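>>> Next input, structure requested:
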Amino acid sequence: MSILENNFDAAITYMKELVEKEKSNTPSEYYIGQVAYNEKSFELYSAALIPSSTGKVTRNMMNDRYYNLLFVTKGLDNVVQQFRDKYIFKVAQADISFALYQAYRGVLTSNNGEYTLKTSFYKPGIKDSTWAYKDVFHYTDLGHFLCWFNHDEDYKEVEIQAESDFIKQYDEYGEF
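Below is the predicted model of the structure:
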């Protein structure tokens, strides 16, 4: 298993333990999750669950620079799944963004102005992650680049074909 997959599993395990600890406290209708993690390696630094009667995130929580992921759930039973879904989405977003950057760098340094990046987004240690890649393409600006991607359904084999139009498009949207 890759370091990224190990970090992902460790984060899920930590969140499960956090939920178990919280079960011994007075139950709340909503919980706000605050998570601090390394955006490159997905190593979890810390996480907190804050009981809430309204489920509203305060301005202080939104402006807290330490935490880089917030989520709200109704009840403790949904915490781990919601966290897992958000974390998988962030992993997929980072994978696609990095692959696009690699393709961009490759075409810039190619001799003929064309470049093909062959990669894989498949992570056998993270079950059911293909939906996240589809959602990243569907819900973020990274979807503007889907036309450059050839891939199988599970993203095991991904090929990005880049050329001068790709460079223009990448420059227009900027770094992700």
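>>> wait, what's in contact with the residue sitting nearest the centre point of the chain?
Centroid check for the chain by Cα atoms, centre = their mean gives Lys90 as the closest residue, at 0.9 Å. Residues near Lys90 by Cβ atoms under 8 Å, 6 or more residues apart in numbering: 39, 42, 69. From N, CA and C alone the C-beta is placed, and that goes for glycine too.
>>> Flag the shaky bits of this protein, pLDDT-wise.
Scanning the chain for pLDDT under 70 picks out the ranges 175-176.
>>> give me the beta-bridge partners of Ile32?
Ile50, Val72 (DSSP bridges).
>>> Tell me, how many residues neighbour it?
Here the number of neighbours of Ile32 (other Cβ atoms under 10 Å) works out to 20.
>>> Touching, it and Val57? I think so.
Yes. With contact defined as Cβ atoms under 8 Å, Ile32 counts as touching Val57 (5.9 Å).
>>> shared neighbours, the two?
What both Ile32 and Val57 touch, as defined by Cβ under 8 Å, 6+ apart, is the set 70, 72.
>>> I figured Ala92 hits Thr140, correct?
No. Counting by Cβ under 8 Å, Ala92 stays clear of Thr140, with 9.5 Å between them.
>>> any shared contact partners between these two?
Counting by Cβ under 8 Å, 6+ apart, nothing touches both Ala92 and Thr140.
>>> higher neighbour count, those two?
Between Ala92 and Thr140, counted using other Cβ under 10 Å, Ala92 has the larger neighbour count: 25 against 15.
>>> So that one, which state does it fall into?
With DSSP: H, G, I helix; E, B strand; the rest coil as the basis, Ala92 sits in helix.
>>> which ones are touching it?
If you count contacts by Cβ under 8 Å, 6+ apart, then Ala92 has 121, 129, 132-133, 135-136 around it.
>>> which of the residues you listed are buried?
Among the contacts of Ala92, those classed as buried by 16 or more other Cβ atoms under 10 Å are 121, 129, 132-133, 135-136.
>>> Now do the strands in the chain.
For the chain, the strands defined by DSSP state E cover 30-37, 44-52, 69-74, 115-119, 149-151, 158-162.
>>> need these in a markdown table with distance to Val107, can you?
Shown next, in a markdown table, are those (distance: least, Cβ to Cβ, whole Å):
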| stretch | distance to Val107 |
| --- | --- |
| strand 30-37 | 31 |
| strand 44-52 | 35 |
| strand 69-74 | 32 |
| strand 115-119 | 4 |
| strand 149-151 | 14 |
| strand 158-162 | 4 |
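>>> Which stretch among these approaches Glu22 most closely?
strand 44-52 (5.2 Å; Cβ to Cβ).
>>> buried stuff in that closest one?
Going by neighbour count (16+ other Cβ under 10 Å), the buried part of strand 44-52 is 44, 47, 49-50, 52.
>>> starting at the chain centroid, how far to it?
Computed by Cα atoms, centre = their mean, to the nearest Å, the chain-centroid distance of strand 44-52 equals 18 Å.
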